[in-house]
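Participant: Quick one: sequence and predicted model below, then my questions.
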Amino acid sequence: PPAPPTASGELFARAHAVTPGGVNSPVRAFNAVGGTPRFIRSASGARLTDVDGNDYVDLICSWGPMLLGHAHPEVMAQVQAAVARGTSYGTPTEPEVLLAEEIVARTPVDKVRFVSSGTEATMSAIRLARGFTGRDVVVKFAGCYHGHVDALLASAGSGLATFAVPGTPGVPASSTELTLVLPYNDRAAVEKVFAEHGDRIACLVTEASPGNMGVVPPEPGFNRFLAETCTRHGALFVSDEVMTGFRVTREGQWGLDGKAEGWRPDLITYGKVMGGGFPAAAFGGRADVMSQLSPEGPVYQAGTLSGNPVATTAGLATLRLATDEVYAHIGAAAETIKVAAAEALTTVGLPHVVQATGTMFSVFLTEGPVRDFEDASRTDAPAYAAFFHAMLERGVYLPPSAYEAWFLSAAHDDRAVQTVLDALPHAARAAAAA
Ligand code: PMP
C-alpha cells in the first residue's frame, strides 16, 4: 500500500510549486538518496523535530554551524536581547568589533572583513588576491567546494594542468578559463602548474581539510607545501576554513598543521560556526593584503547586511562558549560513533573507510584510503542511500549525500550517541543488502 500522507510530504509538494526542486539549497532535497526531505519545525540540543512530530538525532547540525547544539540557552538569550535592540542599522556596531577581536585572537589572521555567506567570503578573497597580486589565475582542487562562485564552479578540462571548463550552465567559459583544477594531495601536479604558470597565478585556494567530498585530510605537510609553493611564486595561499574553522579545533585546521609547523595562510575564509546559525562569514589574513580592501585600499567589496548585529552577536556567543571542553566532548562522541560505524560495516562485510580531521569525520563506502576526489567518487552511493534511510527510520538524520561530513555538537550527549549506536547495525545490514 502507498505510504500515508505526511505533513512533510504535503509541504514538499507545495514547495515544488513555488521553489525549484522544493528547496532553497540542492542537497536538502534528498535527490542523492531518494524520498521526501523532512521539514523541520524546531530543534533543541542534539535533536530535530519535524512537522509530523518525529524526533531525530541531528548529524547535520546545519552543515556545520551548530557546534553547541540547537537553541543553546545562552546563545538564545543574547540573540533575543540583540533582536530587541533592532536587527540592522547599516552602521558600524560593537558586536562586529568584539567578534573580529575574538577571531583574530584564535587564528593567525591580522584583520577580518565580515560578509553573509561562505560563498561571498571565498569570492571576495579571490578578488582581493587578484587585486593584491595584479594577476588573474586561480588554482583549486577537484572535490573542494568553495560556494557557488563562478570562477570556482569549475571542472578540470581534458588533461591535467589545463584551464578549466564551467561546472554548470550559466558560468561563462571566460570565468573558468582562468582557473586551474588539480587533484587533491598531488604535489607533482601543483609543482607542474606553478612551473608552467607561476607568474600568472594570483592564488591557490583549497579547503583547509576538505569536507565537501567527504573528509579527505591533507597528507602530512601538504598544506605547508602549498603555502611555501605559493610564496616562492609570489602567489597568495588562500585556506578555506568555512567548514573547518572553529570546528575541527578551536583554531580550525590551522591549529592542527600551520600552528605546529610555524606557517600561516595569506588569507583564510570562515563561515558556519562563526555565525552561530545566522548568516555570517568572513575572510581575513595578512594586514598588508587586507589593507588593499575598500575603503582603506582600492579593491571594492561591500554588503548591506555584512556584520549584522544579530548574526555577529550569535557568532560571538558561540565562539565564547566553544571552550576546550566542548571540542574534547565532540571529539570523544565522534570517536565512539566512528568506531561503531566501522564495526557495523565490518560485521556485514561492506568495504568502508572512516576518515577524520580533528573532530570532523565521514564514512566512505569504498576501500580506503581516499586521498582525492577520484577515490571519493568510488563510494557506493546506492548502499549509502539504503544506509541513510535505515538511520532515518531509527531517528537519526544523516547528511542526505554520501559525500559529506557527519557533524556533531556539544549537545550530543550519551543518550543521543546511543540512538546512533543502536541504529548503525540495522543501517549497515540495509546497506549490505542494497
Ligand atoms: N567553503 C566551504 C569549505 C564550504 O563547506 C561551504 C559551504 N558548505 C562554502 C565555502 C560556501 O558557504 P555558503 O554555503 O555559506 O555560501
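Facilitator: The structure has been received and is ready for your questions. Since the structure is predicted, the reported quantities are computational estimates derived from the model, not experimental observations. Residues are numbered from 1 along each chain as shown.
Participant: so where is the stretch 251-400 of the chain shaky, pLDDT-wise?
Facilitator: Across the stretch 251-400 of the chain, not a single residue meets the criterion (pLDDT under 70).
Participant: Which parts of it are helices?
Facilitator: 258-261, 287-290, 309-321, 324-347, 373-376, 381-393 (DSSP state H, counting those that start in this stretch).
Participant: Mind checking those helices for the one nearest to the ligand?
Facilitator: helix 309-321 (12.0 Å; C-beta to the nearest ligand atom). (Glycine included, C-beta is placed from N, CA and C.)
Participant: State the pLDDT value of L160.
Facilitator: With respect to pLDDT, L160 scores 56.
Participant: Centre of the chain to the strand or helix carrying S239, how far?
Facilitator: Under the criterion of DSSP states H and E, S239 resides in strand 236-240. The gap between where strand 236-240 is centred and where its chain is centred comes out at 15 Å by C-alpha atoms, centre = their mean, to the nearest Å.
Participant: got the CA positions of stretch 408-416 in CSV?
Facilitator: As requested, C-alpha coordinates have been extracted for stretch 408-416 and formatted as CSV (Å, rounded to 0.1, in the frame of the first residue of the first chain):
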residue,chain,number,x,y,z
LEU,A,408,28.2,16.6,16.0
SER,A,409,27.8,19.2,18.7
ALA,A,410,28.4,19.8,22.4
ALA,A,411,24.7,18.8,22.9
HIS,A,412,25.3,15.2,21.6
ASP,A,413,25.1,13.5,25.0
ASP,A,414,25.3,9.8,25.8
ARG,A,415,21.6,9.4,25.0
ALA,A,416,21.9,10.9,21.6
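Participant: So which residues make contact with it?
Facilitator: Under the contact criterion C-beta atoms under 8 Å, 6 or more residues apart in numbering, stretch 408-416 has outside partners 45-47, 57-59, 61, 66-70, 72, 322, 326, 329-330, 333-334, 337, 359.
Participant: what does stretch 338-357 give?
Facilitator: By C-beta under 8 Å, 6+ apart, stretch 338-357 touches 209, 211, 214-217, 244, 248, 253, 256, 334, 361-370, 380, 383, 420-421, 424-425, 427-429, 431-432.
Participant: Could you rerun that using 7 Å?
Facilitator: Residues outside stretch 338-357 that contact it (C-beta atoms under 7 Å, 6 or more residues apart in numbering) are 209, 214-217, 244, 248, 253, 256, 334, 361-370, 383, 421, 424-425, 428-429, 431-432.
Participant: and those residues, which are buried?
Facilitator: Judged by neighbour count, with 16 or more other C-beta atoms under 10 Å as the criterion, the buried members of these are 209, 214-217, 244, 248, 253, 256, 334, 361-366, 370, 383, 421, 424-425, 428-429, 431-432.
Participant: From the residues you listed, which land in strands?
Facilitator: Within the buried ones among the contacts of stretch 338-357, membership in strands is found for F361, S362, V363, F364, as judged by DSSP state E.
Participant: Redo those residues as JSON lines? Include distance to the ligand.
Facilitator: Rendered in JSON lines, the data for those read as follows (distance: C-beta to the nearest ligand atom, whole Å):
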{"residue": "F361", "distance to the ligand": "15"}
{"residue": "S362", "distance to the ligand": "13"}
{"residue": "V363", "distance to the ligand": "18"}
{"residue": "F364", "distance to the ligand": "18"}
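Participant: quick revisit: so what are the sheet partners of the strand holding S239 and their directions?
Facilitator: Each strand that strand 236-240 pairs with, and the sense of that pairing, follows from DSSP bridges: strand 201-207 (parallel), strand 267-270 (parallel).
Participant: Most tightly packed of those strands?
Facilitator: Between these, strand 267-270 has the highest mean count of neighbours, a mean of 30, where neighbours are mean count of other C-beta atoms under 10 Å.
Participant: still on that earlier bit, out of the helices of the stretch 251-400 of the chain, deepest packed?
Facilitator: Counting by mean count of other C-beta under 10 Å, the most buried of these turns out to be helix 309-321, with a mean of 24.
Participant: Find the residue at the geometric middle of the chain.
Facilitator: Centroid-nearest residue in the chain: M243, 3.0 Å away (criterion: C-alpha atoms, centre = their mean).
Participant: The residue in the stretch 1-150 of the chain positioned nearest to the ligand: what's it in contact with?
Facilitator: Going by C-beta to the nearest ligand atom, the ligand is nearest to G118 of the stretch 1-150 of the chain, at 2.2 Å. By C-beta under 7 Å, 6+ apart, G118 lies in contact with G147, V242, T269, G271, K272, A281.
Participant: and the fourth one, how many neighbours does it have?
Facilitator: Residues near G271, counting by other C-beta atoms under 10 Å, number 30.
Participant: Tell me the one of the ones in strands among the buried ones among the contacts of stretch 338-357 nearest G21?
Facilitator: Within these, the smallest distance to G21 is 24.2 Å, found for S362 (C-beta to C-beta).
Participant: Could you double-check that that closest one lies in contact with A405?
Facilitator: Yes - counting by C-beta atoms under 7 Å, S362 sits close enough to A405 to count as a contact (4.8 Å).
Participant: got any residues that touch both of the two?
Facilitator: With contacts taken as C-beta under 7 Å, 6+ apart, S362 and A405 have G214, V215 as neighbours in common.
Participant: can you list the residues of the stretch 51-200 of the chain near the ligand?
Facilitator: Applying C-beta under 6 Å from any ligand atom, one finds that the stretch 51-200 of the chain approaches the ligand through W63, S117, G118, T119, T122, Y145, H146, G147.
Participant: Next up, phi/psi of the second one, please.
Facilitator: Main-chain dihedrals, S117, degrees, to the nearest 10: phi -150, psi 160.
Participant: nearest spatial neighbour of it, skipping sequence neighbours?
Facilitator: Nearest residue to S117 in three dimensions, chain neighbours excluded: A281, at 5.4 Å (C-beta to C-beta, 6 or more residues apart in numbering).
Participant: With the last one instead?
Facilitator: Nearest residue to G147, sequence neighbours excluded (C-beta to C-beta, 6+ apart): T119, at 2.9 Å.
Participant: and the gap between that neighbour and C230?
Facilitator: As judged by C-beta to C-beta, to the nearest Å, T119 and C230 stand 22 Å apart.
Participant: swap in G368?
Facilitator: 29 Å.
Participant: Quickly find the element holding V417.
Facilitator: Assigned by DSSP H and E, V417 falls within helix 414-433.
Participant: what's the angle between that helix and helix 381-393?
Facilitator: Using axes from the mean of the first three to the mean of the last three C-alpha atoms, to 10 degrees, the inter-axis angle of helix 414-433 relative to helix 381-393 is 140 degrees.
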